[in-house]
Each structure stands twice: as C-alpha cells, then as structure tokens.
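A.B. asks: got a sequence here, can you build the structure:
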Amino acid sequence: MTHIFIASSPKDHKEMQVLTRYLQLAGFRPWVDPAPRPGQDWRHDIDKAIDAADAVVAMITPAAAASIFVTYEWSRGLGVGKPVIPVILKETPMHPALTKQPNIFKAASFTKQTDFWEYFIKEMRLLFPMSYQPSNVPAHETLAELKTNPPMAIPPSGSDYNQNVMPTMPGHWLIIRRGPHVNTSFRLDKNIMTIGRDAANDITINDPEVSRFHVRILWHENQYFVEDMGSTNGTIVEGQRINGLQAMTRSATLMLGDNIILSYEVVN
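C.D. replies: Numbering: from 1, shown residues only. Got it, this is the predicted structure:
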C-alpha cells in the first residue's frame, strides 16, 4: 500500500479529514503532521515520516501557505526526491516551487466538489497504479455523506504527544499532552473552570496560540462540557472545531490553536 504524507495546517482540519478519507477510498495509507510546536524537536518525526512516504500531498489553502511547518514539509519532500502533489482547496498564491510540479489538482475547476474528489481518486490511482487495495470505505461514499458523518480524526502521533502518564486518583482530569509542561495533570473540581494564557484562569497555559481566556469547562447534568470563549485560534474537540457547548467523553482530545493538546481522562 502506498503511503502518502499530507502536509496541511491544523486550521484546515475538516478539509484534511475529507482528503484523508478520499485517499483511503483510493487505497492509500495517509499520514498527517500532528501540528508540531516551535521549540520542540518536531523535525525528526516529520523527516522520518516523509522519508518513509511514497509521496507528499500538499494541501493548498491560505492557512497552509502561511504555515512555516507546511512549507518545511513539502520542501523536505522535494529535497529527498519524493513526488509532491499540490491539492488546491482554497485559492491562494502558491510557492513557485509548487507551481512547477507536474501534477496539480484544483478543486475550483469543478462545479461539484464530489466530481473533483472522484477525479482526484482516478488520477491518484493512475499515478500509483500498484497502490490500490480494497479498503473499508464504501465505494458509494460521497463528499456530502462525509460532511454529514465526518470521519474520525487521526490520532496525534510523534514523540511530542504521548499518554505515558495517566492520573491514578479518582476524578475528572485534563492532562497536557502537547505543549508546555507535557503530562501535567489538572483535576476538574469546580462547576465552572477556565483555561487560557492569563494567570486569572483556573488552568494557565502560557503559549502564543492560546487566548487570554480561551475555553470554559462546565459541569452540567453529571458530565463536563467545553465551550470556546471566542478565542482567536479556536478549539477543536475530537477533530471538530466547536461552536457552543460540546460534551466531553472519556479520553477526548482538546486542541487549543495549533500547538496545545489536552486529553480528558476519568478515573473511577
């Protein structure tokens, strides 16, 4: 099975999920950059994944164009001789090196997005004819169905995300899995708790991607909910950007901006 590295910005998470699902439909095995954080040795894991991949698919969007990490990823692919395939999902100027690639896919060239993805699948199979294997994605699945029933988010990978440390005391916990003070645990012991960069929060995370008052955690009807407080960079729960209250399930992941990941754990 052909391995495809997807260079994308976490801000384009929904688009990345759709791309990932269609690659799976085409019989490929995608791997997604787990949003590396400045100051950490993220390049080692990224380099290994790109070196092991058969090709790099570069998602082209304004967020991806502005990301130094996405630029590093497709540049690395070119540097080690991997085919780099730009997929233009949102109009934005492309780097000259990408415009020279022989295979460029542009969603805006199609009236229906489903037609674009069907074309994309067909061309990818032609580019990698030995890669196709039957997958667990139904052949009739459409983009509209994917949006109605989105695929599960790809779990973060790499050495900067780990679950080696788990709380042992009974209670509800948030644990930093990526970001400053990895594996620090915070017990949820109030009906309302806030998380943000400001020291006035119940949980303070000093990171530029985190707003001063980023999210609120609320206890309601015997479970915890999370609510974004109008943060600049948004909150993603289990791969979906949230608007309004979102229930938290055991081991759910919360992503604050591009850099911070927390997990919600329950110990009985």
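
A.B. asks: list the buried ones in stretch 252-268?
C.D. replies: 252-266 (16 or more other CB atoms under 10 Å). To be clear about C-beta, it is placed using only N, CA and C from the backbone, and glycine gets the same treatment.

A.B. asks: identify the farthest-apart pair in those.
C.D. replies: Farthest-apart pair in the buried residues of stretch 252-268 is 258 and 266; separation 26.8 Å (CB to CB).

A.B. asks: low-confidence regions, the stretch 1-150 of the chain specifically.
C.D. replies: 1, 33-43, 130-150 (pLDDT under 70).

A.B. asks: the strands in it, which residues?
C.D. replies: 3-7, 29-32, 55-60, 84-88, 105-106 (DSSP state E, counting those that start in this stretch).

A.B. asks: could the ones you listed be laid out in TSV, adding mean neighbour count?
C.D. replies: Output for the strands of the stretch 1-150 of the chain, formatted as TSV (neighbours: other CB atoms under 10 Å):
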stretch	mean neighbour count
strand 3-7	24
strand 29-32	19
strand 55-60	25
strand 84-88	23
strand 105-106	16
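
A.B. asks: hang on, residue 243 is in a strand, isn't it?
C.D. replies: No: read with DSSP: H, G, I helix; E, B strand; the rest coil, residue 243 is coil and lies in no strand.

A.B. asks: that one and residue 183: what is the separation?
C.D. replies: Distance of residue 243 to residue 183, given as CB to CB, to the nearest Å: 30 Å.

A.B. asks: more neighbours: these two, which one.
C.D. replies: residue 183 (13 against 10; other CB atoms under 10 Å).

A.B. asks: in the chain, which helix has the most residues?
C.D. replies: In the chain, taking DSSP state H as the definition, the longest helix is helix 113-127.

A.B. asks: what's it packed up against?
C.D. replies: Contact partners of helix 113-127 among helices and strands, from 3 or more CB pairs under 8 Å, 6 or more residues apart in numbering; DSSP states H and E: helix 13-25, strand 84-88, strand 105-106, helix 143-148.
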